[in-house]
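Sharing a model that was predicted from the sequence below.
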Amino acid sequence: MQGAILQVKRFGFLLVLLLAGCTTVTEGTPTRLPLATLPRLITSTPTPEMVRGDALPTFTPVPLPQQTLPPTPTPIPQGKLYSPDEIQSRWVKNAGPATPVGFRPPPMPVPLSLHPDDHYWLARPLPSGSRNYYLEWYPFGTDVLMPELAPYRIHHGLDFPNEPGTPVLAASSGTVIHAGPLPSPRNGVNYYGNTVIIKHDWQWLGQDVYTLYAHTLELFVDVGDYVVQGQLLAGVGSSGEVSGPHLHLEVRVGNNTYGDTRNPALWLAPFEGHGTLAGRFVDRRGRMIPGASVEVRPVDVETAVRLQRTYDLSVRFDDVWRENFVVPDLPAGKYILLVGIGEAMYRRDIEILPGRTNFVVISTEFEFEPTPTPEPTMTPTETETPAPSPELP
């Protein structure tokens, strides 16, 4: 009996403890722990099939780029060694394409003075793609050399025939002192046509130097403009007294006058691989001989024979060289020079070195007596014939 009562008490005590554990605690709200944030997955833009939900999205496969393998290097052939004699025997003189007619290499850079007396300080006044070499049959200091043409006048510059509108470029830097027509101070005739004159910003032997560009089609500079070498001045034209479009170039030293011109060929830099021949042909007393024939024959150079004449006595020679003939733009090499007048002919074997003036003096054993210019005579005035007097009876 007592054992049963004891079991009932134990059961009651356990029941009380169980009910105490189920009692709600109201002393505060428990802090909730934050839920872990899952990373967002980046998905492609849904296609219409994905929006409808009735099909899985489809993707077009992109082909992977094919890797380009580096080219296999070509093995360098091992050539045969040749001696200098063998190389010379294998040289073909006329190999390669023919040189275009009238081709000239680019001019040498300026200023150029390989010889101490040279003054190649002017660049060519025309682009290399144009005819920037002078007209051979009308050189400085002589009249036209073509017998079929009537005499014109002694040339005080160089002519460069070109198509109308070909750019005319400043030969060097300086200030434009004239831009427009240039009528003659003697008779008012506009021989030069549209003309540009530049006074350069440097001197030679203490003297000012000017360049004149005549017969132009149009002008792109005004008086007072400062120009640099190679700047566009005008276009080639045929204004003034001309027979066709060309540029007439003059170099004036000391004063800006017609009588102070010098040969531009001694101022324009030669072409690459070319040189200038200049000389003095005098009698035994050292006096200049005008109008003598000058012939330059190539020996080991493929170029044409060049013909000229010595200067007329009315033109000025260079202050240093004191020449009376110049043959420019000769390819470097050996030549035969023939100079003569009347029955007398003189020969010199010469070599032209590139980039410089090659000078020769030929003195005769006779004295040159120029033909005197006839004195002008007065035109007799016509006198009225007196009327016959009436006979007296």
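Received the coordinates, thanks. Quick caveat, the model's predicted, so the values are computed rather than measured. Residues are numbered from 1 along each chain as shown.

domain parsing for this structure?
158-266, 274-363 (automatic domain parsing).

Turn those domains into TSV, columns for distance to residue 144 and mean pLDDT.
In this view, the C-beta of every residue, glycine as well, is placed from N, C-alpha and C. Below are the domains of the chain laid out as TSV (distance: least, Cβ to Cβ, whole Å; pLDDT from 0 to 100):
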stretch	distance to residue 144	mean pLDDT
domain 158-266	10	96
domain 274-363	10	96
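
what's the closest of these to residue 115?
Of all the domains of the chain, domain 274-363 sits nearest to residue 115, with 4.5 Å by Cβ to Cβ.

how long is the closest one end to end?
Taking Cα to Cα, to the nearest Å, domain 274-363 runs 26 Å from one end to the other.

One more: stretch 253-263?
Start-to-end, stretch 253-263 (Cα to Cα) is 10 Å.

nearest to residue 114, of the domains of the chain?
domain 274-363 (4.3 Å).

Report all helices and strands that whichever strand or helix holds residue 281 contacts.
In this assignment (DSSP states H and E), residue 281 forms part of strand 274-282. Applying 3 or more Cβ pairs under 8 Å, 6 or more residues apart in numbering; DSSP states H and E, one finds that strand 274-282 contacts strand 293-298, strand 325-331, strand 333-341, strand 344-352, strand 357-363.

deepest of these, which one?
With neighbours taken as mean count of other Cβ atoms under 10 Å, the helices and strands packed on strand 274-282 reach their highest mean count in strand 325-331, at a mean of 23.

Show me what that strand is packed up against.
So strand 325-331, by 3+ Cβ pairs under 8 Å, 6+ apart, packs with strand 274-282, strand 293-298, strand 306-309.

CA-only coordinates of that strand in PDB, if you can.
C-alpha atoms of strand 325-331 as PDB (Å, rounded to 0.1, in the frame of the first residue of the first chain):
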ATOM      1  CA  PHE A 325      79.800  80.300-119.900                       C
ATOM      2  CA  VAL A 326      78.000  77.900-117.600                       C
ATOM      3  CA  VAL A 327      76.600  74.400-118.500                       C
ATOM      4  CA  PRO A 328      74.600  73.200-115.400                       C
ATOM      5  CA  ASP A 329      73.000  69.800-114.500                       C
ATOM      6  CA  LEU A 330      75.700  67.500-115.900                       C
ATOM      7  CA  PRO A 331      75.800  64.000-114.600                       C
END
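
Listing partners with orientation, what would you give for that strand?
Here strand 325-331 has these sheet partners by DSSP bridges: strand 274-282 (antiparallel).

who's in contact with residue 235?
164-168, 216-218 (Cβ atoms under 8 Å, 6 or more residues apart in numbering).

Relative to residue 216, how far out is it?
As defined by Cβ to Cβ, to the nearest Å, residue 235 lies at a distance of 6 Å from residue 216.

what is in contact with the two at once?
residue 168.

which residues are contacting stretch 176-188?
Taking Cβ under 8 Å, 6+ apart as the rule, stretch 176-188 contacts 189-199, 210, 214, 219, 221-227, 233, 239, 256.

Ends of that stretch, what's the gap?
Using Cα to Cα, the two ends of stretch 176-188 sit 22 Å apart.

can you check stretch 148-161 too?
Using Cα to Cα, one end of stretch 148-161 lies 19 Å from the other.

how about that stretch: buried residues?
155-161 (16 or more other Cβ atoms under 10 Å).

who's in contact with it?
With Cβ under 8 Å, 6+ apart, stretch 148-161 has contacts from 125-126, 130-135, 138-144, 212, 214, 236, 244-251, 258, 261, 263-265, 312, 314-315.

go with 6 Å
126, 131, 134-135, 138, 140, 143-144, 246-250, 261, 264, 312, 314 (Cβ atoms under 6 Å, 6 or more residues apart in numbering).

One more: stretch 195-205?
Contacts of stretch 195-205 (Cβ under 6 Å, 6+ apart): 119, 172-179, 182, 209-214, 233-234.

If any of the residues you listed are buried, put those into a ChimeraX selection.
The ChimeraX selection below is limited to those of those classed as buried (16+ other Cβ under 10 Å):
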select :119,172,174,176,178,179,182,209,210,211,212,213,214,233,234
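
where does the stretch 51-200 of the chain have low pLDDT?
51-103 (pLDDT under 70).

While we're on residue 387, how confident is the model there?
Residue 387 carries a pLDDT score of 48 in this model.

hang on, the earlier thing: need the domains of the chain in a markdown table (columns: distance to residue 115).
Listed next are these as a markdown table, based on distance: least, Cβ to Cβ, whole Å:
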| stretch | distance to residue 115 |
| --- | --- |
| domain 158-266 | 11 |
| domain 274-363 | 5 |
